[in-house]
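Below is the sequence, then the predicted model.
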Amino acid sequence: MKRTYLFLLLGFLILLGLPMVLSSYVLGVFIMIFFYAYLGQSWNILTGYTGVISLGHSLYVGIGAYTTYLLSLTLGLSPWVGMWIGGIGAGLVGLVIGFFGFRFGLKGVYFVLLTISFAEIGRLIFLHLKIFGSFQGLFITPHFSFWNYQFKENTPYYYIALGYVVFSLIFAKLIERSKIGRYMIAIREDEDAAESLGVNVFKYKMISIFISAFMTSLAGAFYTNYLFYLHPGTMMSMAFSIEIILRPIIGGMGTVLGPVVGSFLITPLAEISRSYFAKAGYEGLHLVIYGFLLVAVVLFFPRGVISYIKKVVTSGQSGLK
Amino acid sequence: MSLLEVKGVSKNFGGLRAVSQVSFDLEEGEILGIIGPNGAGKTTLFNALTGFYRPDEGEVWFKGENLINLRPHQICQRGMVRTFQIVKPFLQLTVLDNVIVAALNRVGAVGSATEKARKVIEFVGLKEKTETLATGLTLAHRKRLELARALATEPKLLLLDEVMAGLTPTEVDELIQLLREVNQQGITILMIEHVMRGVMALSKRVVVLNYGEKIAEGSPEEVVKNRQVIEAYLGEEFKGA
Amino acid sequence: MNLNLILQLALSGFLMGGVYSLIALGLSLIFGVMRVINFAHGEMMVWGMYVAYTLLLWTGLDPFFSFSVSAVTLFILGYLLQRTVVNQILDFPEAMQVLPLVGMAMVFENSARLVWGPDYISPQSRFALSSHSIGFLTIDTPRLIAFSLAVIFTILVLLFLKKTDLGKSIRAAADNRLGASLVGTDVNKIYAICFGIGTACVGTAGGLLVPIMPLSPHIGAPFTLISFIIVILGGMGSLTGAMVGGLIIGVAESVGPTLLTNLFQGIGLELEFPQTMKQVVSFFILIVIMILRPQGLFGGKRG
């Protein structure tokens, strides 16, 4: 246990120093690693810990991104402030979805379809709003400054994204140990048993979806100000929702480190294979590989890579004794 | 005033009347057994008492409060907790973590809930299994875990749904002893039980259900002599003997 | 409100609904027997489209004939998919059943892109531009043919299930998995054949759609979603429900946007509900039905 923390601290210190040695391109890859690790953690709170499957998390990214943009456009509000408002907006939408789903007892596939429905409705609505550029999408003219959350170099984004990840790790660990987290896990393991032991299942599912949607939408603010281009067709699509869930599933759902491990494994692979296959004229091949990965992980490592690592580490330790 | 008053509770599923006009009282400190053949509506009655089903008719009064519109977790918070016939452990959690969830019902902080959980685990005799995942427990141990979780919520009234089924005679005897201790701590017990040894040893009074209706009530000895009961349920066993 | 326009839209939506029904029939059959939801359904349909399109390209064979080749191809694909992946996940919790099939959807979608390229294609078939008039209504010939063939194929599938021994054992497997295995039928084989028939339905539908709409690798997902909506509307596992639901959704999607725009204007709102948002109508229906009648129109108990 102590050793894990030591490793994490060491890793964090190394990551702090990396921008001094790495090229801007590689930093960009790291930024994506952090971005997806953070998104995965946000989804993990709802699906990994509480056992409520969402395939519509791209909706919250979109809400976060557009709210932040709109507030800065109309009120001149800094994204650093606007992102929290976007978070609350996404959280409220999450509560609406949760209310319909949990109040009316939609479970399993039915809840999955509910989340997809809301996400698709959201995508189609945003796609038709003139203020967001309709089908052309939205190009943002950056005004570089810290206050605007917009920078010329990759380094500031790198540190911000790293901050997101560190925040999400600490937050997930705190949740896991708290009463809320224990109740969430109990609900995942057996709803009826939890309810019979005094757990207000409805309330804690609502708390869980609010936290998850809130966290997810904060990544939307980052997305806006890092890419300077918003389009519901990409960032609010079901494909993006799948991107979000892929890493925590591969890393290990319902674990603090799973999303990060998953992202360190998958994101570089994704970035490199994407550009490599595209150059070689096989655009989309990396998605075929993704698809097979998803199948293989569920069939062969249903508890994720991290449980496998843990097994190896613990058996190694007992071997030393 | 009785601790629990069940007044004319009925529950239908489609055309089937699973529980029909069942009434009985339960005094504080008592151990009451509910027996009856399979399909007599015992578990349905439990579900109706603990808020998992809403009864179609009738009232359930607990400590002077009508429970009819309450949800299961609210009923647990008021001091009435049930176990499940098919045990429902949180499989991927350790025994300790399982019981902590239940202990949090009364204790807000995880730290003190952990202490409490350890005590309860020791009490039910699972101390060596504290850090074992529930998925690795035998059935007898799972039943004890189920009991430990229920006790950790600090109930006034404990509803046990066939906690003895599937246990060896020795395990049954140990459990009888344990439940006596639970009862001595001031916890009232309402138990559905097929294992007659257990019922005879613990209950001074039993209620007999058949086809959803209460057909008899009295001491185990009286009930065993009741013709209707013999025909409905005990008959099969006694005829053979 | 322009009543002629509404009727015209309703008719064309109804014809499309026949094809929807066939797609949903496949999904419902698979669900009814295996309790698995094929999240790759629409993406597999796109493969059916490309098979018919390729035959048109190479041999000039009209999609209204070559859809049978799509059906056979998709039967084989479905059979293999069941044997390799689906059969392994039958006893998984529902959640874990979703993910591998979502993965397969990605595989089908993007492998189609690798083979046939990312662009939209509108193949010109013989009947593409012909139409008939009945009174003030115009009927697109390709739509009418697609509808008729879809209905015929649907009837054939139903006859197969009702009349043949194999069909009967599939229905027996749907009623009772354990029972079927006890009486000695090879359940795994039945499952694989059933999955194959389900995907053959969607393959057929794909072939029939080639003359009606442009194809691209990425149009599958909306069809997957539409088929879910239809099946939930009709009732999970109910074959009648799938057919009626298909027609309802077909009409609703076609008429909905115009009707809603009229409605908005009627209450003084200057809002347009564009045709490109027609899916919102279906999603709305889905949410309402899940909340108010989760067992669907023709469903008994919820699965």
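The structure has been received and is ready for your questions.

ok, residue 81 - contacts?
As the question left the chain open, I've gone with chain A. Shown in contact with A:Val81 (Cβ atoms under 8 Å, 6 or more residues apart in numbering or on different chains): A:Leu71. Quick note: C-beta positions are derived from backbone N, CA and C, even for glycine.

right idea, wrong chain: chain C
C:Leu81 neighbours (Cβ under 8 Å, 6+ apart): C:40, C:104, C:195, C:199.

Buried members of these into PyMOL, please.
This is the PyMOL syntax for the buried subset of those, where burial follows 16 or more other Cβ atoms under 10 Å in any protein chain shown:
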select buried, chain C and resi 40+104+195+199
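
can you tell me which of the contacts of C:Leu81 are in helices?
Residues of those located in helices (DSSP state H): C:104, C:195, C:199.

want to throw the contacts of C:Leu81 into JSON lines with pLDDT and distance to A:Gly17?
Shown next, in JSON lines, are the contacts of C:Leu81 (pLDDT from 0 to 100; distance: Cβ to Cβ, whole Å):
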{"residue": "C:Ala40", "pLDDT": "92", "distance to A:Gly17": "45"}
{"residue": "C:Met104", "pLDDT": "92", "distance to A:Gly17": "42"}
{"residue": "C:Phe195", "pLDDT": "91", "distance to A:Gly17": "53"}
{"residue": "C:Thr199", "pLDDT": "92", "distance to A:Gly17": "53"}
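
Closest one of the contacts of C:Leu81 to chain A?
Closest to chain A out of the contacts of C:Leu81 is C:Met104 (6.2 Å), distances taken as Cβ to the nearest Cβ.

Relative to A:Asn44, how far out is the closest one?
23 Å (Cβ to Cβ, to the nearest Å).

and if you look at B:Gln185?
41 Å.

again with A:Tyr183
Taking Cβ to Cβ as the measure, A:Tyr183 falls 16 Å from A:Asn44.

More neighbours: which of those two?
Ranked by neighbour count (other Cβ atoms under 10 Å in any protein chain shown), A:Tyr183 and A:Asn44 place A:Asn44 first, with 29 against 25.

The more buried one: what's its closest spatial neighbour, skipping adjacent residues?
A:Pro248 (4.5 Å; Cβ to Cβ, 6 or more residues apart in numbering or on different chains).

Give me the subset of the contacts of C:Leu81 that also touch chain A.
Restricting these to those within reach of chain A (Cβ under 8 Å from any Cβ of the partner chain) leaves C:Met104.

element containing the spatially most central residue of chain A?
By Cα atoms, centre = their mean, chain A has its centre lying nearest to A:Leu39, at 1.2 Å. Assigning secondary structure by DSSP states H and E places A:Leu39 in helix A:24-44.

Hmm, A:Val61 and the residue nearest to the centre of chain A touching each other?
Yes - taking contacts as Cβ atoms under 8 Å, A:Leu39 lies within contact range of A:Val61: 7.3 Å.

Please export the C-alpha coordinates of stretch A:31-39 as CSV.
Only the C-alpha atoms of stretch A:31-39 are listed here, as CSV (Å, rounded to 0.1, in the frame of the first residue of the first chain):
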residue,chain,number,x,y,z
ILE,A,31,-2.1,16.0,-22.7
MET,A,32,-4.5,13.5,-24.4
ILE,A,33,-3.4,10.8,-21.9
PHE,A,34,-4.4,13.1,-19.0
PHE,A,35,-7.5,14.3,-20.7
TYR,A,36,-8.9,10.8,-21.3
ALA,A,37,-7.7,9.6,-17.9
TYR,A,38,-9.7,12.4,-16.3
LEU,A,39,-12.8,11.7,-18.4
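
quick one: average pLDDT of that stretch?
For stretch A:31-39, mean pLDDT rounds to 95.

quick one: C:Ile226 and chain A, what's the gap?
From C:Ile226 over to chain A the distance is 11 Å, taken as Cβ to the nearest Cβ, to the nearest Å.

the helices in the stretch 51-200 of chain C, which residues?
C:63-84, C:94-116, C:141-163, C:165-175, C:177-182, C:187-209 (DSSP state H, counting those that start in this stretch).

got it, and chain B?
B:42-49, B:72-77, B:95-103, B:110-123, B:139-152, B:169-184, B:196-202, B:220-225, B:227-229, B:235-240.

Identify, by residue count, the longest helix of chain A.
helix A:201-227.

Could I get the buried residue list for it?
A:201-202, A:204-226.

Identify the contacts common to A:Leu39 and A:Val61.
Contacts common to A:Leu39 and A:Val61, judged by Cβ under 8 Å, 6+ apart, are A:216, A:219, A:244.

Output the below-cut-off pLDDT ranges for chain B.
Regions of chain B meeting the criterion pLDDT under 70 cover residues B:233-241.

Next to chain A, which bits of it? Give me the list.
Near chain A, when you scan chain B using Cβ under 8 Å from any Cβ, you find B:50, B:52, B:71-74, B:76-77, B:81-82, B:84, B:88-93, B:97, B:100-102, B:104-105, B:108-110, B:113, B:149-150, B:153.

Any of those buried? List them.
B:50, B:52, B:71-73, B:76-77, B:81-82, B:84, B:88-90, B:93, B:97, B:100-102, B:104-105, B:110, B:113, B:149-150, B:153.

The residue nearest to B:Leu175 when sequence neighbours are not counted and A:Ile309: what is the separation?
Distances taken as Cβ to Cβ, 6+ apart place B:Met164 nearest to B:Leu175, at 5.9 Å, with adjacent residues excluded. Counting by Cβ to Cβ, the separation of B:Met164 from A:Ile309 is 42 Å.

Of these two, give the one with the bigger neighbour count.
B:Met164 (23 against 14).

From chain C, how far out is the more buried one?
When B:Met164 is compared with chain C (using Cβ to the nearest Cβ), they lie 29 Å apart.

what residues are up against that residue?
Contacts of B:Met164 (Cβ under 8 Å, 6+ apart): B:143, B:172, B:175, B:193-195, B:198.

Check the closest residue to chain A within the stretch 201-303 of chain C and give its pLDDT.
At 4.2 Å from chain A, C:Phe283 is the closest residue in the stretch 201-303 of chain C, using Cβ to the nearest Cβ. We have a pLDDT of 85 for C:Phe283.

cool, A:Gly137 as well?
So, for A:Gly137, pLDDT stands at 74.

That one: neighbouring residues, count only.
Neighbours of A:Gly137 (other Cβ under 10 Å): 15.

and what of B:Arg106?
16.

which one is it nearest to, not counting chain neighbours?
Nearest one to B:Arg106, counting by Cβ to Cβ, 6+ apart, is B:Glu154 at 4.8 Å.

how close does that neighbour sit to A:Ile160?
Relative to A:Ile160, and taking Cβ to Cβ, B:Glu154 is found at 47 Å.

now do A:Glu176
In terms of Cβ to Cβ, A:Glu176 sits 25 Å off from A:Ile160.

repeat for C:Ile155
For C:Ile155 relative to A:Ile160 (Cβ to Cβ), the value is 61 Å.

Could you do A:Ala193 as well?
Taking Cβ to Cβ, one finds A:Ala193 at 42 Å from A:Ile160.

The two: who's more crowded?
The neighbour count for A:Ala193 versus A:Ile160, taken as other Cβ under 10 Å, is higher for A:Ala193 (22 against 18).

Go ahead and confirm B:Val229 touches B:Pro220.
No - B:Val229 is beyond contact range of B:Pro220, at 10.5 Å (criterion: Cβ under 8 Å).

who has more neighbours, these two?
B:Val229 (21 against 17).

The residue most central in space within chain B pairs with what?
The centre of chain B sits closest to B:Leu160, judged by Cα atoms, centre = their mean, with a distance of 1.5 Å. Beta-bridge partners recorded for B:Leu160 (DSSP bridges): B:Met191.
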